[in-house]
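> just the structure for this:
(one chain, ligands or ions: 3)
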Amino acid sequence: MESKKITDKKKLKLAIGLGSTCSGCDIAILDLGVKLLELIGLADIVFWPTVFDFKYSDLKELGDKEIDITLHHGTIRTTEHEEIARILRKKSKVLIAFGSCSCFGGIPGLCNLTDKKQIFDAVYGENLSVANKENIFPEEKLLINKNKSITLPHLFDTGKTLKQLVEVDYFIPGCPPPMQLIEGLIPLMKDVLGGAQLPEKGTVFGSKKTLCDECTLKKENKMISKIVNPVTAIVDPERCLLEQGILCMGPVTRGGCEARCINVLMPCRGCMGPGPETEDQGVKMISAIASILGVKDEENLTDQQIEDLLSGIKDIVGTFYRFTLPDALLNRKVKERR
Ligand code: SF4
Ligand code: SF4
Ligand code: SF4
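Ligands and ions are numbered 1, 2, ... in the order given. Next up is the predicted model:
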């Protein structure tokens, strides 16, 4: 990023905008606790609709590049999300994708397994708790009178990441991002105020290594003969979970969370996104499994035996692309339309 001073102000302007989100990312920022006071000592919050009563008109009234730093969380799912993301880009000097949804599509990005029609049919039609005899579905246009209609925000078929829409300066992954990365915003703000050299554009905040590098469990490079359920398995708390047959995404996931799930003996689900040098987290993990799933007389297995072996993987996309489907090489399911 630029080494020149990007602002002469004594206090920055900070915005926190959103797409499709569970707001866990907002909560994670609030969890800064006392450090939140330090953050607001460095920056005035000019837009954060989850927490304060900001309107979109407040954002639109700001000048181009008037916001110094924007954190954007959530997946882009609707025309409204797209509009807000584009406005935030225009008004911000530094735009940061914050959280796995904004960085890689996140959990809402699993919508790419279906499409808008299927979602509407399920939510407004087939759902047993819905009484909708008149078949009323959300409209994209609202008729004001016979000559005039307005377009309403509407859902896209495909969920997108922020960078698929606009240029993004930095990425802070995690679902939600780990506290130590959120705290890293404070020195970043000081650097912006002081005119220090900022990290290179496109930097992903987090470790430059994979999660396995920061995991303290003992690795013995053992092959596995079957995949087991982490909930029912009897786990050795000292040994690598993957080597015990539990699907752990550590080998293909960026470190930086201090192995917070492994520390409570839950396998990594991959929320920090692809590890450094990894383009597609799911493909790399499938390849990793293929190389450690060593079975005696592998070449003599029948199709049924292979199927039984792989039946330990209950949900392929949900396991390997839980947080990254929109960012994957094959980023959506396509149905042949007749
Ligand atoms: S990254 Fe996780 S915590 Fe943040 S909005 Fe998405 S689902 Fe919620
Ligand atoms: S695979 Fe999981 S449990 Fe094993 S070393 Fe890596 S992060 Fe730790
Ligand atoms: S261990 Fe994995 S799933 Fe858990 S916080 Fe870290 S990266 Fe995310």
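
> okay, CA-based contacts and neighbour counts for the rest of this
Will do.

> what are the buried residues along the helix or strand bottoming out on mean pLDDT in the chain?
When each helix and strand of the chain is scored by mean pLDDT, DSSP states H and E, helix 303-310 comes last, with a mean of 80. Within helix 303-310, the residues that count as buried by 16 or more other CA atoms under 10 Å are residue 309.

> number the residues from 35 up from this point.
Shifting the count to begin at 35 puts that one at helix 337-344.

> past it, which element shows up next along the chain?
Counting by DSSP states H and E, the next helix or strand C-terminal to helix 337-344 is helix 350-354.

> could you give the mean pLDDT of that next one?
Averaging pLDDT along helix 350-354 gives 95.

> distance of the closest residue to residue 270 other than its chain neighbours from ligand 3?
Leaving aside its sequence neighbours, residue 270 sits nearest to residue 278 (CA to CA, 6 or more residues apart in numbering; 8.0 Å). Between residue 278 and ligand 3 the computed distance is 17 Å (CA to the nearest ligand atom, to the nearest Å).

> model confidence for residue 278, exactly?
Predicted confidence (pLDDT) for residue 278: 94.

> quick one: residues contacting the spatially closest residue to residue 41 that is not a sequence neighbour.
With sequence-adjacent residues excluded and distances taken as CA to CA, 6+ apart, residue 41 is closest to residue 227, at 6.6 Å. Applying CA atoms under 8 Å, 6 or more residues apart in numbering, we find residue 227 in contact with 39, 41-46.

> residue 200 now?
Applying CA under 8 Å, 6+ apart, one finds that residue 200 lies in contact with 119-120, 123.

> closest to ligand 2 among these?
Closest approach to ligand 2 among the contacts of residue 200 (CA to the nearest ligand atom): residue 119, at 33.8 Å.

> you'd agree residue 171 is up against residue 153?
No - between residue 171 and residue 153 there is no contact under CA atoms under 8 Å: 11.0 Å.

> if we can go back for a sec, now the buried members of the contacts of residue 200.
Taking 16+ other CA under 10 Å as the criterion, what is buried in the contacts of residue 200 is 119, 123.

> looking at the contacts of residue 200, which are in helices?
Counted as lying in helices by DSSP state H, out of these, are 119-120, 123.

> Throw those into a markdown table and include pLDDT and distance to residue 262, thanks.
Shown next, in a markdown table, are those (pLDDT from 0 to 100; distance: CA to CA, whole Å):
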| residue | pLDDT | distance to residue 262 |
| --- | --- | --- |
| 119 | 98 | 41 |
| 120 | 98 | 44 |
| 123 | 98 | 45 |
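
> rewinding a little: residue 171 and residue 153 - which one has more neighbours?
Using other CA atoms under 10 Å as the criterion, residue 171 and residue 153 rank with residue 153 on top: 15 against 12.

> ok, and what's touching the host helix or strand of that one?
Residue 153 belongs to helix 150-154 when elements are defined using DSSP H and E. Residues from elsewhere that reach helix 150-154, judged by CA under 8 Å, 6+ apart: 171, 189-191.

> now, those residues that are in strands?
When DSSP state E is applied, those are split such that 189-191 fall in strands.

> which of these sits closest to residue 340?
residue 191 (34.6 Å; CA to CA).

> please tell me how far residue 56 sits from residue 163.
23 Å (CA to CA, to the nearest Å).
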